[in-house]
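# pasting the sequence and the predicted coordinates here, then a few questions.
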Amino acid sequence: MGESTVPSISAVLPAWNEEANVEKAVRDVTAVLESLGGDFEVIVVDDGSRDRTGEVVKGLMPEFPRLRLVPHPVNRGYGGALRSGFTAATKELVFLTPADNQFDVQELHKLLPLIPEADIINPYRANRQDPAHRRLNAAAWNGLMRLLFGYVARDIDCGFKLFRRAVINRVTLTSNGAFLDTELLVGAKARGLRIVETPVTHLPRTAGSQTGAKLRVILKAFRELIRYWWRLRRELANERKQEQL
């Protein structure tokens, strides 16, 4: 691929207490984007980490001039980190991958050929390397989403995505929590945007700890779901009225 054929890409890496993982994540993502030969930036959102995550990123910036740090003074949550990263993104495409190194970022190479036919590429973890209770929670959540909204995606909470930045202008994102993935995909589907799926590799976490299965995170997602169901109905009704004017 030459530079003229490669879309520009903003890589967004949300990070919370990922001191042990973030350097490898930055190096791996940068290497993949450099191999494509196009224009890119790497944005790490330090979501109020209590460890040295931000300091590690700052230490890498002289070596990687396309690396940017978006710091949160306090923890806002996964959705808050993503929204900050999406707002900071300036390129044509947004590549989302967490800083925990549980995805093989080389698989961006298999996502890019799909983008001409997609607005969002939302892969699914073919062999999810998470504890059984997390897999059970995910299956229940995906089932509930299908019941409420119809089929949206096989793995609605997959943190490895590639999408057109223009999607952010079409879909309203408000969640600071784990519900943001659902907001993005359900909102996109409701507006007729194209979602493409493909399997990707999921790797075991080798350092740090996960937070997504904590009871407070799950309860917050359910509260946001109830509010979102009503909000989406109002948004779509208003958009239809605007189209008729």
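Received it, and whenever you're ready, just let me know what you need. Predicted, not measured: the structure shown is a model, and the values here were computed from it. Numbers count the residues shown, from 1 in each chain.

# could you use CA atoms for every contact and neighbour count after this?
Fine.

# need the residues that contact the worst-scoring helix or strand of the chain on mean pLDDT.
When each helix and strand of the chain is scored by mean pLDDT, DSSP states H and E, helix 132-149 comes last, with a mean of 75. For helix 132-149, contacts defined as Cα atoms under 8 Å, 6 or more residues apart in numbering pick out Arg128, Tyr151, Val152, Arg154, Asp155, Ile156, Asp157, Val186, Ala213.

# could you do stretch 173-183 as well?
Stretch 173-183 has contacts (Cα under 8 Å, 6+ apart) with 76-81, 83, 156-159, 171-172, 184, 212, 217, 220-221, 224-225, 228.

# the same query, at a cut-off of 7 Å, please.
Arg76, Gly77, Tyr78, Gly79, Gly80, Ile156, Asp157, Leu184, Ala221, Glu224 (Cα atoms under 7 Å, 6 or more residues apart in numbering).

# doesn't Leu162 belong to a helix?
No: using DSSP: H, G, I helix; E, B strand; the rest coil, the assignment for Leu162 is strand, not a helix.

# how about the strands in this structure?
Assigned by DSSP state E, the strands in the chain fall at 9-15, 40-47, 67-72, 93-96, 120-121, 124-125, 161-164, 195-196, 199-200.

# going by mean pLDDT, which of these comes out lowest?
Here the lowest mean pLDDT among those goes to strand 124-125, at a mean of 93.

# tally of neighbours for the closest residue to Thr53 other than its chain neighbours?
Among residues not flanking Thr53 along the chain, Glu19 sits closest, at 4.2 Å (Cα to Cα, 6 or more residues apart in numbering). Using other Cα atoms under 10 Å, Glu19 has 22 neighbouring residues.
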